[in-house]
Every structure is written in structure tokens, then in C-alpha cells.
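**Q** what follows is a predicted protein model with its sequence.
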Protein chains: 4
Amino acid sequence: MINVGVLGATGAVGQRFVQLLADHPWFNLECLMASERSAGKEYRNAVNWRLDTPLPESVGGLKVKPVGVESSKGLDIVFSALPADLATTVERDIANAGVCVCSNASSHRMDKDIPLVIAEVNPEHLGLIEVQHDAGCDGCIVTNPNCSTIMLVSALNAIKHRNITDIKVATMQAISGAGFDGVAAMAIYDNVIPYIGSEEKKMETETLKIMGKFDGAEIVDAPLKVSASCNRVPVIDGHTLAVWTDAKGSVEEIINDFKNYKVPFGGLPTQPEKSVLYLDQEDRPQPRLDRNRGNGMTVSVGRVREGGRFIAMGHNTIRGAAGASVLNAELIVSRKLI
Amino acid sequence: MINVGVLGATGAVGQRFVQLLADHPWFNLECLMASERSAGKEYRNAVNWRLDTPLPESVGGLKVKPVGVESSKGLDIVFSALPADLATTVERDIANAGVCVCSNASSHRMDKDIPLVIAEVNPEHLGLIEVQHDAGCDGCIVTNPNCSTIMLVSALNAIKHRNITDIKVATMQAISGAGFDGVAAMAIYDNVIPYIGSEEKKMETETLKIMGKFDGAEIVDAPLKVSASCNRVPVIDGHTLAVWTDAKGSVEEIINDFKNYKVPFGGLPTQPEKSVLYLDQEDRPQPRLDRNRGNGMTVSVGRVREGGRFIAMGHNTIRGAAGASVLNAELIVSRKLI
Amino acid sequence: MINVGVLGATGAVGQRFVQLLADHPWFNLECLMASERSAGKEYRNAVNWRLDTPLPESVGGLKVKPVGVESSKGLDIVFSALPADLATTVERDIANAGVCVCSNASSHRMDKDIPLVIAEVNPEHLGLIEVQHDAGCDGCIVTNPNCSTIMLVSALNAIKHRNITDIKVATMQAISGAGFDGVAAMAIYDNVIPYIGSEEKKMETETLKIMGKFDGAEIVDAPLKVSASCNRVPVIDGHTLAVWTDAKGSVEEIINDFKNYKVPFGGLPTQPEKSVLYLDQEDRPQPRLDRNRGNGMTVSVGRVREGGRFIAMGHNTIRGAAGASVLNAELIVSRKLI
Amino acid sequence: MINVGVLGATGAVGQRFVQLLADHPWFNLECLMASERSAGKEYRNAVNWRLDTPLPESVGGLKVKPVGVESSKGLDIVFSALPADLATTVERDIANAGVCVCSNASSHRMDKDIPLVIAEVNPEHLGLIEVQHDAGCDGCIVTNPNCSTIMLVSALNAIKHRNITDIKVATMQAISGAGFDGVAAMAIYDNVIPYIGSEEKKMETETLKIMGKFDGAEIVDAPLKVSASCNRVPVIDGHTLAVWTDAKGSVEEIINDFKNYKVPFGGLPTQPEKSVLYLDQEDRPQPRLDRNRGNGMTVSVGRVREGGRFIAMGHNTIRGAAGASVLNAELIVSRKLI
């Protein structure tokens, strides 16, 4: 068994990690780390569990440990749901101590030596792990992208051979993306907030790295441009994206790309049967109806129209965060990269 | 006084017309027309009044008349909130009988002889009224555009001198746009519906006509392209638009265009002090906070960014429907076109 | 295997029935009945599937049959999600033809010869099946109560020994209870509707029958009074009840009743481990967090306070409708009553 | 002119005070007090204005002052929207310095020497002002009740002559009652929270004082019992109450009491034409449709049924908070009590 832990186990993404790892076939979740305020308590008493499945019995009794290298001793992999400011130093320290840090935080995504990975899209970027090892790090850091970026690029991967150079995307993002207390009800109810701090920049830069080339030493950005307009809407889970691309090809050809899209590997525990699923109905995908496909790991696509338009939608805290990170870890283990 | 009536007075847009006309300084609202089921009853008993201001006392006792030429006798202007299928023939009949029909319906918007008008944007298109008269019609039909189109073009009017050829727009539309029973709660709550029937096509064609040139006989479409992606979100009133244009100019220049935008005429009763208002805050405009500006007639704009991006938002049943129509009528009267 | 069918398979409750029966360990779902408009089509094409789990593959290809005796031939049990007006005659006809009709409809709930059953509460009322047989009916009708009534009485069953004579209950009911199109978004969004047609009367009469005594021939109402105030709130699934009773006993005693409540039988496939679950947190139960307990079959209770107050909450379309009916059928089969 | 100020001018209730006082016919709003963080800034820059009418121009430029006696110098009346913990000492200090403090805070409501007033219900309790003066206070404190209490007692006042001894009330409270950031969207969206801290106790104790007798020296609680069950629902503004009383009388008699209810005085600027308005429709009152009646000061009542049941609803931050306080001040001034 591979021993794993979660950094920041009590927040929204942290709880998703716990939900996905508690009874994982490959991973033994034996360490939950959180702030000083929670440390020392049993997880079931420290956490304000707010997911709609019960707190997993197998971990409820774990004593919460403080975030840090000391707590991470003996772990093979640590999954990080730390806020960005904390993640910057803590993750480097834990990696240097020999642990593989699979991080959902934004802090290191754009670092030159750190891969930014969507498992089905750019697994070869995991070659940067070796670059980190060669540089003297006993462990490593591997990051997954921002939630909206994951939905966009997962879908684009099915049509990337169509010479795309220009992408415009308007997002309609769910409130869970901001954490359990991240958006006040008075702020978003009967409302749209046409601004999510740093989100547009993340989509515009992360996409180029994920779709870029790994030349053995570093990633060379893909030669394309992304322009995003990110909005918060009154939806609990599930980000919806209205996308325009200059993909060459007819509507039928692009629909077939989505329908026939196959990922070159399979069988990872968290991997859905279909990473990308095309829905034919004229009014799909919709977050409340489609976010749980593939146990929250499938990105649904629909409404391909002329002008390179389509809609993509995926579960933002599973596919878009914790699930993406866990799938990365499964890929790393299956390829014996640690 | 100018005697006016409302066609389809009991529905969502019809109630907005009644709200705007009941105590109008220029117009005497003396005739309310609706379906057979309502005809003969007092309006207060026929209508299921659902606006958040009380049913105006001055019209509550009006006896509802059936839709048609007979009921319209003696009226100078009739405001139409009829569904499209009914509007097609009824509006032509009433116009032929000598009445000026100001219609919110989509039926005649793209007809060659009928102007599609946003009062502040293309008032000169009202010249088509004369074309209708010359063709033998005693009255006329004047239409206002689809709600989303109105928000888009009202904003674009401030920057149209910047050689715009390409526009992409993602809309997040309020549920009131579909009528009081148009969207089921189970369909939209905690959800986004990425499809609104015919909406994208309307935006893509109407925009070209409104921004086109009136050559004295007909409208020549503007030489630009619009690509829309229309979505329904859980908001009661207020459509939000994420727009991309290829407008030439810097961010500061475009912001100044919006801030300095002036409409060449003023003083119409329903005209807001500012048709377009630029908001500086980083997370504006927002429907719940900004939809009532200018009594629901102001289009708020914000978040101008590089790449010709901005956000526009306006009240969809006032500015985007009934208010647009009433303002058109005020313009027609002020210019003595009927 | 026991062959079963669903009457009214395309509506909200019908879809829940299909979801629960499609891969049932005891029941073979082989017949789906719906309106003429749907008859003849494959179920996957007839239904507008709107639950958040995919349409079960095993039944997607079933050809929908018209509602009626003919279609029910060969079935042992038929589950009815028919609207009340249809149910009145159709259910009697199908029962007379030898089928056991487990109905969610309100039509026959208060009939003298028909049991109104919550499986864990009044299984002995199933004795009325024999009364129906003795009266010459080859099959039978068994009904489950209204959704709110089920939550109320399921909870009361844990404290019924405390000499309760007076019950007041205010409900906050989810929109799914009205069917997929039953409540318009414009009607309920940012709103409370303090009226649900017939709901208060149903709660006030059904409760007395369910908690009444079966004397071998008929049910004698329980000698207590229920006064209800039913409200619709913007929640998708899950009815919340604020209850007052004159139950004798201290707060601790009543809490212990709820915690120690045991149902005298177990093991039915749809039966949850806990029919009633007491939650200690001060702000529970809450619909979004607790409605899925026991796969939607557990009624959660909390906030016991002096004055016989407590809060109860349960999933209105599973525990409160289809699940209740399926559990009744399982009980009937396990007791060999048909 | 009477010079007034607002304590805690930047929060949700504070903004309502500013909205009501900015252009008040009797009061000159010249002082806005808030926390250290805001002090010194112009109000328009200090406040995150979130009401749906624009920040009043007349006060936007006022320099925010720190909360305290010093800032209150020269004011006749100060309206307090302070949080309870601050209010406890600050309000006493400011009153002792000679100012009349009209407070929405809960801190002093139950103090023996401080009146708890709904202007139309128990104006005679203002006699306690004299008691405070006699005790040596140069100014005074007058409080308004908790929002839900105000709706309940305002309605009960129309039927209090019917020998009411027992009241049960279930509330469905709007999110604005918790302040702009008081409830997270993830907490309340698609949910009901069946607990609002201290709310039930406030309703149960405040009601007895407001409906009690002032004997010249203090208030003797009314001899009745209130049992409340308070819930938070996804509504922005407007608290809805399901009430049971043991009022003696028929349904018709009680309806007539509500319809004929008259307040013995009129003409105060903030006083609505009807303090209590009975609505005949079977599904009213509803918060979104009825909360703005009387400019947010009317309590709407409906659904009187046997068993002393009825529904009451009012705007929680206007009638239920700031408006109640301003109306109290108007009454105090009109009766020359300060």
C-alpha cells in the first residue's frame, strides 16, 4: 500500500480529497493535516463536514496533525488543498523531505520545474519529476490546473489536431469553487458576479503550458492565445464554459472528434470510462444534470456549432480539483515515477 | 393626449407595459387586450399580477378586450406583447387599420419595411414608417429588438466608430425573459441551461440590421459578424453579456468612450439620464445591484479589458422589452412621425 | 422473480420508481406505462430523464405501453405514479384484474378498504389486503401517504407512546414535490409560497389513519389532532418540518426515543439501516446535507426542545413517494400477502 | 431640523438607516459612524454599498467618524446598527452624554428601564424615557425588537383582544437578516437551515414585553406563552411566519379584525398607510411579491384558517430593523419626548 496524506483536510477541496481517498484501492489515507486550530482533534470533530455523502467512517477517528514536514514523515504522497500563500513554502519543504506532493494549489503551477498536468492530456509532462530529482529534490511537486482550465483543456484535447490558434471562453462558475464560505449568499443569489480574481489570467497562462511541449528539460508554451471572461453564477457545483475556437473543420467533423475521443491509457481507479462525453441534446450539458457523470470526473461537451463554438461542463471540485490531483497520483504510481 | 393600448396585457411583458404606461405623462392607457379567456373581465381580475409594485389603480378597472382591430379602434398607438405566432397577422391588421403598432414581438423585426429600433442608437431607421405609409398602410409597425440584442447594441453604440467587424458574445440571461411560467424551477435552480431557442440567431441577425444604414428605402446590414452563445442562469431580472470585439483602441480609450457616450437627444419621459453607464468597480456590472439604474432603462458596462472585452448588463423586461418599445413610441411622437 | 411495472413512468415520481426498480434484487421491471403520447416509443426516447443519475441502461429500450389493464397483464405488482384524477379508476381496474397496485397517488388513500401504509410504522394495516380479497378483488391496492405526512409520522412513531394528542406542523417543502414543471422559477425563486393545494388537509387526515388501529375490518382513526401550515421553499429535494407535539417527557427522554428507535423488522432491500436518525448538531437536519441518508430513505430528526418541538426532514420523492411505495411492496412480498 | 447620526453605518442595517434618513423630511443626517478601518474616509469610499438603490448623493461625501461619544456631540438622535457586543457599552455612554439612542441592537431590549417599541403597537412604553431621565440619564435608549418579533407582534396587535394566551410560530427568514456576509451561499442555496442563534429566545421573550403593560415604572410581561421555531430559507428579503394562536373567534371575525385594523395615529413620515394589510388570495403573502408594500413598512397577513392560524410577512431590514427604529424616532419627536 502507498501511504498518503492530505494537506488542508478540512476545507472544501480537502473534504473532497478525503472523500476520494478514504477507501481508495491503492492508497492508504493515514494522515490528515490542517491548521493549528484543528490539530490534535479527531477529524470528525475538527471538520465541519459539508459534502452530501457522510464523512467516511475509516478516517473519522484520525487525529488531525499540523501542516508540515514533521507530519508528512513516512508518507509516499501528500495531496495538497492548501491556500496559495501557504502552499508556496510548505509544499517545497515537504517535497524536499522526500514526499511526492500532488497539489491543487496555484502556487507552483507555472514554475519551470513543476509539471502542470491533466492526466489524460499531457502525461508526458511528468518527465519534469525527473528534472526535479536531478536538481536534488528527494520528492517532487506535481500540480493540477485551475478548475476552469481543466474543463477547457480536457475538451480541447479532443480537437487539438485542428490547428487551433485562438480561443475565447466565457465561464459560468459554481460557488463551491470559492470554498464553503467563499461567496456570501447575499452576493450571488439572484445575481451574476462577472469577476473572479486571477481566474482569467490562470486560464490564459495555464492552458498554454498544459498544451505545450516538454523538450526534456522544460515546457515550451503552445503557440496559441486564450482570452477568458470568468463569471460566478448561482450554481453549487459544476463549471459551464461557452467556448469559441478557430478549429478547422466542419461541425460534423468536430462532433465526431468529441464522440470518438479516446484516451491512450485506462484502468486508473479514478479515471472515468469517458474523460470527454459528447451529449447530443440541444440544451446540454447542464451542471445539475451532468456534473456527476463518471463519478464527477467526466467533462461533458455539447452544442458544437459553426464558428468553432461548443459548450463544456465538468464538476469543479472533483474533475476540477481533488479528482484531477488523485488521478495524477494514480498515473504517477502506475508509471512508477516515484 | 395620445390614446394607447396594450396587446397581450396579462403576460410578463404585458404587465411591464401596463406598469410603464398606467400613469404616463404623454399616453392615455385606455385599452387592454388579451385572450378570449380574459376578455370581458376587469383587468384586476383577469391578470395574475406578478410585478413587485402593485397593480396600478388607474387601470385595474378597465374591461379587458379581445385582441384585434375592433378593440384597437380609436387608439393612436398600440404596444404589442403578443407571442410571435399571433403577432404575425394581428399586428399587420391593426397597422393597416391606421394604428401605430410598437411591437416587442419577434415576428416583424426582420421584415424589409419595418424598422428595428433602439431609440438612442438608430432613430433614423424610423424613416421606414414613411416607406410603410407610401406603400399604403394607414398605420405602421415599429419593432424593438430582442432583449439581449438591445443590451449588446446599446453598449456597442458607444464604440462603434472603432471599426468593429467581429463580435463574440456569451449571454447569461434572466428567467423573466421566458415569461412567468417559461422556465420551471426544477429546470433552472442550481443549474445553467446553455440554450435558448432562436436567441443566438436573433442576436446575430438583428445586430446587423440595427447597426446598418437606412438608404431611404431600406436597411443595408452593417458589415460585421456576430457569434453568440446564449445561456439561461438563475437570475430573476437582468441579462449579463460577456463581449469580445475587435474594436481598435486601448483599454483607456474604450473606457473613455463608454464614460463620455452621449445620446444626441434627451427629455423623453422613459429615457434614462444615461443610456449607457460605465462602472469602475472590478466586479461590476451585476444584475441584482445594477438592473434598476435609470428605472431599468440604463445599460451598465464594466470590465473593459484588452482584446476588446467588456461586460454589459441591463434589465431585460424594461430596457430589453417594454421600456424599449415605449421609448420608441415617445421618439415617434416627439418627431411627429405619426 | 416478481414481475413489476410502473404506471406513469415518465413524470418526476415515475422516474424515481424506474431509478429504484431498474436493478432491484427482487423485482423484474418489465413494463413501463405512460400516456398515449409516449406509448410505442422506447422509454429512453419517450422520457425527458431529469434525475441526476443516468437513465438505467436495463430499461432504456423498453417500449412504453399505454396505461391500463391490458398493459398490466402478467404483472404481479404495478407501482403507480399516476395523477390523482387518472388513478381513481385505473387503479381499481388493474387491481380487479388481479394485480397488486402499490400507489403513490392520493386518490384511494382514505378509502375504507385500502391501507395507507408507512412500512415501518403500520405494517399491520396491510391486513386490509385480505379484506379487499374477501370483497372479491383479485388483486389489491395499497397506498403510501403524502410526502410530508410520511416525514411527520415516521418521526412521530418513535415517540407515539408519549400520549400525543395534539400536533402542529409547519412544512418547508421542496419544489420537486410538484413535479418537474409544477413550480415556475419566477414563482419560487427568492420567495416562499405559503400555500400548497390540499396539502394541509392531507397531513391532517392521513396522519390519523396511519396512526390508527386496524380492528380486522377497517381502520379506526387515532384520537389526535393535527394542524398543518404547508409552505413551498426554494429547495430542490427534501421536505423540512417544524413540529410541535404535546408529547409527555423531558427533552432528554425524547431525544433518547429518537436515538434508540428500532424498527421490529429489517432486511428489505430498500429499507435503510436507520428509518429515523437523530442528529445532534444544533443546526440539523438540513435538506441539502441530509436528504440522501439511507439512500434517500432515512428521515432525519433534530433540535428536540422543550414544548415537544423537533425538526424532521426527509427526501420527498424517495422516502416521501417512490421509495415508500417500493418498500411497501417489499414488505407485502416478504410477508407473502400476495 | 433634528440632527441625527448612524452608528455602524457601513453594514447591512446601517446602509438601510442611511437609505431611510438621507433625505428625511424631519431629520438631518449629518454624522455617520463606523469602525476604525472606515473612520476618516468619505462614506462613499468606506462603504461597500449593496442596496439596490444608489448610495444617496447627499451623504456620500460625509467623512466617516469613529463610533463613540465624541462623534455624537451635537446630535439629537443617533440610530444604532451596532453589533450586540459593541452596543452594550457604547449606547449607554452616548445616551448618558445626552443623546437619544434609537437602537436596532439586541443588547438593551430586555433591560428594565429601556422600552422595546413597535410604534403602532406599544407607543405608551415610551414612558420609560422619563424613567431613564429621572434616573439621571441626560439622553435615553429606545430599542426596536428583533425582525421576526416585529412581524409577529404587529400582526397579533390586530387580534390581541381575542384573549390570546398561547402562540406557536414557525419562521422562514431571509438571508439579509444575517448581514451581507452572514450566510454563505454554499450554506443556504438549495437548503433550509433550521436554526438561527438566539432567535427563538428573542421572539419568546420580546413578545411578552412588547405586549405587556407599562405601569409607570416598568413593563409587566403579558401573560401569554410563545413557542418559536426559527428557520433560514433562500430568500433575500422578507420574513414569512406561520402562526398558530388560541385567539377566540371565527375565521371571518379574525379576517375582519385584520382588515379593519386601524392604528390610532398617523402621519409620521415613515409610517405606511397600512401597518397591517390583509391579502385575500389563497397563496399570499409572499416575500418577493409583498415585501415592498408600504415602502417596506407594511406587514402583510393572509391565510387565516381555523385553529387560529395565519401567515404574516414583512420586510426584515426595513419594517424589521431600520424602518422600525426610524419610525420610533419619529414618534418620539412627534410626542416631544426628547
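**A** Cool, the structure landed. Note that the structure is a prediction, hence the values are computed from the model and not measured. Numbers count the residues shown, from 1 in each chain, chains lettered A, B, ... in the order given.

**Q** phi, psi for the residue in chain A that chain C sits nearest to please.
**A** Residue nearest to chain C within chain A: A:D190 (5.2 Å; C-beta to the nearest C-beta). Every residue, glycine included, has its C-beta placed from N, CA and C. In terms of degrees, to the nearest 10, the main-chain angles of A:D190 are phi 50, psi 40.

**Q** what's the burial count for it?
**A** 22 (other C-beta atoms under 10 Å in any protein chain shown).

**Q** what does A:E282 give?
**A** For A:E282, using other C-beta under 10 Å, the count is 10.

**Q** residue contacts, it?
**A** Neighbouring residues of A:E282 by C-beta atoms under 8 Å, 6 or more residues apart in numbering or on different chains: A:303, B:195.

**Q** and it, what pLDDT?
**A** Predicted confidence (pLDDT) for A:E282: 97.

**Q** also A:T53?
**A** Listed pLDDT for A:T53 reads 84.

**Q** and for A:P285?
**A** 98.

**Q** isn't it up against A:I311?
**A** Yes. Applying C-beta atoms under 8 Å, one finds A:P285 in contact with A:I311, separated by 6.2 Å.

**Q** tell me the mean pLDDT for stretch A:325-335?
**A** Per-region confidence: stretch A:325-335 scores 98 on mean pLDDT.

**Q** stretch A:210-222 now?
**A** Averaging pLDDT along stretch A:210-222 yields 97.

**Q** before we move on, the earlier item: quickly list what's touching both of A:P285 and A:I311.
**A** Common neighbours of A:P285 and A:I311 (criterion: C-beta under 8 Å, 6+ apart): A:240, A:301-302, B:194.

**Q** mind listing which of those are in strands?
**A** Using DSSP state E, the members of the shared contacts of A:P285 and A:I311 that fall in strands are A:240, A:301-302.

**Q** narrow the residues you listed to those that are buried.
**A** Among those, the ones that count as buried by 16 or more other C-beta atoms under 10 Å in any protein chain shown are A:240, A:301-302.

**Q** list just the nearest of these to chain D.
**A** Nearest to chain D among those: A:T240, at 16.3 Å, using C-beta to the nearest C-beta.

**Q** would CSV of the shared contacts of A:P285 and A:I311 with pLDDT be doable?
**A** As requested, the shared contacts of A:P285 and A:I311 are exported to CSV (pLDDT from 0 to 100):
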residue, pLDDT
A:T240, 98
A:V301, 98
A:G302, 98
B:P194, 98
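
**Q** from the buried ones among the ones in strands among the shared contacts of A:P285 and A:I311, which is closest to D:F17?
**A** Of all those, D:F17 sits closest to A:T240, with 39.5 Å by C-beta to C-beta.

**Q** ok, that closest one to A:R232 distance?
**A** Counting by C-beta to C-beta, to the nearest Å, the gap from A:T240 to A:R232 is 12 Å.

**Q** so the residue nearest to A:W49 when sequence neighbours are not counted is in which element?
**A** Distance criterion C-beta to C-beta, 6 or more residues apart in numbering or on different chains; nearest residue to A:W49, sequence neighbours excluded, is A:L55 at 4.3 Å. For A:L55, there is no enclosing helix or strand under DSSP states H and E.

**Q** run through the residues that contact A:L55.
**A** Neighbour list for A:L55: A:18, A:43-44, A:47, A:49 [criterion: C-beta under 8 Å, 6+ apart].

**Q** buried only: go through those for me.
**A** A:18, A:43, A:47, A:49.

**Q** show the pLDDT at the third one.
**A** We have a pLDDT of 96 for A:V47.

**Q** tally of neighbours for the closest residue to it other than its chain neighbours?
**A** Nearest residue to A:V47 in three dimensions, chain neighbours excluded: A:T10, at 4.6 Å (C-beta to C-beta, 6+ apart). A count of nearby residues for A:T10, using other C-beta under 10 Å, gives 23.

**Q** quick one: the helices in chain A, in order.
**A** Per DSSP state H, chain A carries helices over the ranges A:12-21, A:43-46, A:57-60, A:69-72, A:84-96, A:128-134, A:147-156, A:185-188, A:199-210, A:251-260, A:287-290, A:323-334.

**Q** and of those, who's closest to A:G296?
**A** helix A:323-334 (6.1 Å).

**Q** quick revisit: pull the most distant pair out of the contacts of A:L55.
**A** Greatest spatial distance among the contacts of A:L55 (C-beta to C-beta): A:V18 and A:R44, at 10.7 Å.

**Q** among the buried ones among the contacts of A:L55, which one lies nearest to chain B?
**A** Scanning those for proximity to chain B, where the rule is C-beta to the nearest C-beta, the winner is A:W49, at 20.2 Å.

**Q** what residues does chain A have near chain B?
**A** With the criterion set to C-beta under 8 Å from any C-beta of the partner chain, chain A comes near chain B through A:168, A:170, A:172, A:189-195, A:200, A:227, A:229, A:231, A:233-236, A:238, A:240, A:242, A:244, A:282-289, A:302-303, A:305, A:307, A:309, A:311, A:313.
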